[in-house]
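> only geometry, no sequence info:
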């Protein structure tokens, strides 16, 4: 049993066996045959064991009579071989088939979590997994270590006859928004749009984080790429903002209806052009920036983007409050987005109001959804919504559903309790999930069940009339109709 480093930090086992035959003639000619048969936990489920045959031949030329004895050449041997080898030191490309390992992202595994299902009581992963097993695979018994192999095989059998489109139709999906970089050519969106057999809308969503995260080491190379894509020379902050706005027009032509900004914390600084441009120049030269410079650049570009979104009629989503890459050794071994992020206690929620105000003063406050990762911010956001509503748009500023670590029963309830207590739950656009899995649509059912249970308790307690016509319209609005109207989707 071995324990590796990096992605191989899970214990694993190897099994080796082999056969070897060697024949030599006259100390000059050698033939060797090897046959290995090995197994490793590192290999994919259907390929745990494999044979590794090889054959080799050698000629000891120095023993030939035509080669005279020499003090400087005592041995001359020529060897050739051919065979098959195996390597289970796969770094981050380990396949996940083990019963107690769960895949975090699609394909091969880039991060691992030990997940013994029996120990997950109260955890949303237990709820989601069993909803997916029931709704997608028709499996209703609990998943345990004892039946994991059997359930894996049953799921694999179902997936052989399952397509992504089939799953989307099965769960009555009407539209999907992908996450796309401003430099993306949206080629596959064009392919899907031209496919007459595709009856589900697949729309791009604008994610300009790389052009805004000026403190990241890859910022300068990204700005250079953005310049190449737009054919512009980007010399300052407003040049970068103009390039993003140009790409927003390109996205709008491909059906885009929303933008998504991911912020580690919500920033705000007076969007002073001189300070922002100084930050831009220093970042392009690889020089360190002050917090004021970082926030000034980010604020100025974000205000410009918000104005563009307002002109396009888009929805702007702001996600904030994440503390990223907390475990530096694991970050060095596995990279970003591999399970080492946390909730940020310093989310910058106090900057949400001045940021929205800057949008409004620039005559560019779009429809906006605010997602806070730290639940302590729920009441701050809930009270702030009413300060910026208007333009005859019902629920123009939205409090986004429980996100990431809060995307679970209690996180959803706390968010909706705050919204109901401080705003209008009836205008809520409902759940958003970024699970990026085609079998995760039951998570929307999970949300609907939690919502209906919560409202049902209020009705039972006499806090709302038992009027099922009104309640039905309310639930349908939160779960579907409000979002369709808010995003302006034609479905």
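Sure thing, it's come through. Quantities reported herein were computed from a predicted structural model and do not represent experimental measurements.

> Every contact and neighbour count from this point should use C-alpha atoms.
Noted.

> Apart from its chain neighbours, what residue comes closest to residue 64?
Spatial nearest neighbour of residue 64, excluding adjacent residues (Cα to Cα, 6 or more residues apart in numbering): residue 28 at 7.3 Å.

> Could you do residue 440 as well?
Nearest residue to residue 440, sequence neighbours excluded (Cα to Cα, 6+ apart): residue 132, at 6.7 Å.

> quick one: the one you found from residue 442, how far?
6 Å (Cα to Cα, to the nearest Å).

> and if you look at residue 373?
Residue 373 is 22 Å from residue 442, by Cα to Cα.

> before we move on, back to that, ok, the residue nearest to residue 64 touching residue 65?
No. Using Cα atoms under 8 Å, residue 28 is not in contact with residue 65; the gap is 10.6 Å.

> hang on, residue 122 in a helix?
No. Residue 122 is assigned coil when assessed by DSSP: H, G, I helix; E, B strand; the rest coil, not a helix.

> re the thing from before, could I get the average pLDDT for the helix or strand encompassing the residue nearest to residue 440?
Using DSSP states H and E, residue 132 maps to helix 124-137. Taken as a whole, helix 124-137 carries a mean pLDDT of 93.

> What are the contacting residues of that helix?
Contact with helix 124-137 is made by 117, 120, 139-140, 142-143, 154-155, 158, 408-409, 439-440, 442-443, 446, as judged by Cα atoms under 8 Å, 6 or more residues apart in numbering.

> Give me the buried positions along that helix.
Buried residues in helix 124-137, counted by 16 or more other Cα atoms under 10 Å: 124, 126, 127, 128, 129, 130, 131, 132, 133, 135, 136, 137.

> what's around residue 200, how many residues?
17 (other Cα atoms under 10 Å).

> Thought residue 177 was touching it, still the case?
No. Counting by Cα under 8 Å, residue 200 stays clear of residue 177, with 10.8 Å between them.

> of residue 28 and residue 65, who's got more company?
A side-by-side neighbour count of residue 28 and residue 65, using other Cα under 10 Å, places residue 28 first with 14 against 8.

> show me what contacts the more buried one?
Counting by Cα under 8 Å, 6+ apart, residue 28 makes contact with 58, 59, 60, 61, 63, 64.

> Between the two ends of stretch 363-371, how far is it?
OK, stretch 363-371 end separation, Cα to Cα: 23 Å.

> Can you tell me what sits against that stretch?
The contact list for stretch 363-371 (Cα under 8 Å, 6+ apart) reads 303, 306-311, 313-320, 356, 359, 381, 396-403.

> quick revisit: and the buried residues of helix 124-137, which is closest to residue 345?
When the buried residues of helix 124-137 are ranked by distance to residue 345 (Cα to Cα), residue 124 comes first, at 22.5 Å.

> Look up how far residue 175 lies from the closest one.
Going from residue 124 to residue 175 by Cα to Cα gives 25 Å.

> which residues of the stretch 301-450 of the chain fall in helices?
For the stretch 301-450 of the chain, the helices defined by DSSP state H, counting those that start in this stretch cover 328-334, 352-361, 378-384, 409-422, 442-460.

> tell me the angle of the next helix or strand after the last one relative to helix 442-460?
Next along the chain after helix 442-460, taking DSSP H and E as the criterion, comes helix 468-476. Put simply, helix 468-476 runs at 140 degrees to helix 442-460, going by axes from the mean of the first three to the mean of the last three Cα atoms, to 10 degrees.

> Report all helices and strands that helix 468-476 contacts.
On a contact count with 3 or more Cα pairs under 8 Å, 6 or more residues apart in numbering; DSSP states H and E, helix 468-476 meets no helix or strand.

> Quick one: residues in contact with that helix.
By Cα under 8 Å, 6+ apart, helix 468-476 touches 426, 452.

> buried set for that helix?
Buried, per 16+ other Cα under 10 Å, within helix 468-476: 471, 474, 475.

> Would you mind listing the buried residues in whatever helix or strand comes next after that helix?
For helix 468-476, the following helix or strand on the C-terminal side (DSSP H and E) is helix 482-487. Going by neighbour count (16+ other Cα under 10 Å), the buried part of helix 482-487 is 482, 483, 484, 486, 487.

> my guess is the third one meets residue 490, correct?
Yes. Assessed by Cα under 8 Å, residue 484 is found in contact with residue 490 at 7.5 Å.

> Give me the distance between the residue nearest to residue 64 and residue 34.
20 Å.

> Around the nearest residue to residue 340 once chain neighbours are set aside, count how many other residues there are.
Distances taken as Cα to Cα, 6+ apart put residue 325 closest to residue 340, at 5.3 Å, once the chain neighbours are dropped. Neighbour count of residue 325, defined by other Cα under 10 Å: 18.

> how near is residue 325 to residue 338?
Counting by Cα to Cα, the gap from residue 325 to residue 338 is 9 Å.

> Identify the contacts common to the two.
Counting by Cα under 8 Å, 6+ apart, the residues touching both residue 325 and residue 338 are residue 331.

> need the buried residues of helix 124-137 in CSV with distance to residue 452, can you?
Putting these into CSV (distance: Cα to Cα, whole Å) gives the following:
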residue, distance to residue 452
124, 17
126, 20
127, 16
128, 17
129, 21
130, 20
131, 17
132, 20
133, 22
135, 19
136, 22
137, 25
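
> and which of these is nearest to residue 299?
residue 124 (35.6 Å).

> Can you tell me how far that closest one is from residue 409?
7 Å.

> And the helices in the stretch 51-200 of the chain?
For the stretch 51-200 of the chain, the helices defined by DSSP H, counting those that start in this stretch cover 124-137, 148-159, 164-170, 187-193.

> Show the average pLDDT along the second one.
Okay, so that is helix 148-159. Over the span of helix 148-159, the pLDDT mean works out to 92.

> What are the buried residues along it?
Result for helix 148-159 [16+ other Cα under 10 Å]: buried residues 148, 151, 155.

> Now do the residue nearest to residue 440 against residue 51, distance only.
Taking Cα to Cα as the measure, residue 132 falls 37 Å from residue 51.

> likewise residue 345?
54 Å.

> likewise residue 370?
56 Å.

> who's more crowded, these two?
More neighbours surround residue 370 than the other of residue 370 and residue 51, with 19 against 15 (other Cα under 10 Å).

> all strands for this structure, in order.
Listed in chain order, the strands of the chain (DSSP state E) span 14-25, 29-40, 49-60, 77-83, 101-103, 112-114, 175-177, 201-203, 258-263, 315-320, 322-323, 342-343, 367-372, 397-399.

> Quick check: which helices or strands does the third one pack against?
The criterion is 3+ Cα pairs under 8 Å, 6+ apart, and the helices and strands that strand 49-60 contacts are strand 29-40, strand 77-83.

> strands paired with that strand, and their directions?
Applying DSSP bridges, strand 49-60 is found paired with strand 29-40 (antiparallel), strand 77-83 (antiparallel).

> what would those look like in CSV with distance to residue 184 and mean pLDDT?
Listed next are the strands paired with strand 49-60 as CSV, based on distance: least, Cα to Cα, whole Å; pLDDT from 0 to 100:
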stretch, distance to residue 184, mean pLDDT
strand 29-40, 40, 89
strand 77-83, 43, 91
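
> Let me know which of these is tucked in deepest.
Ranked by mean neighbour count, the strands paired with strand 49-60 are led by strand 29-40 with a mean of 17 (mean count of other Cα atoms under 10 Å).

> okay, the closest residue in space to residue 379 that isn't next to it in sequence: pLDDT?
Nearest residue to residue 379 in three dimensions, chain neighbours excluded: residue 418, at 6.0 Å (Cα to Cα, 6+ apart). On the pLDDT scale, residue 418 is placed at 97.
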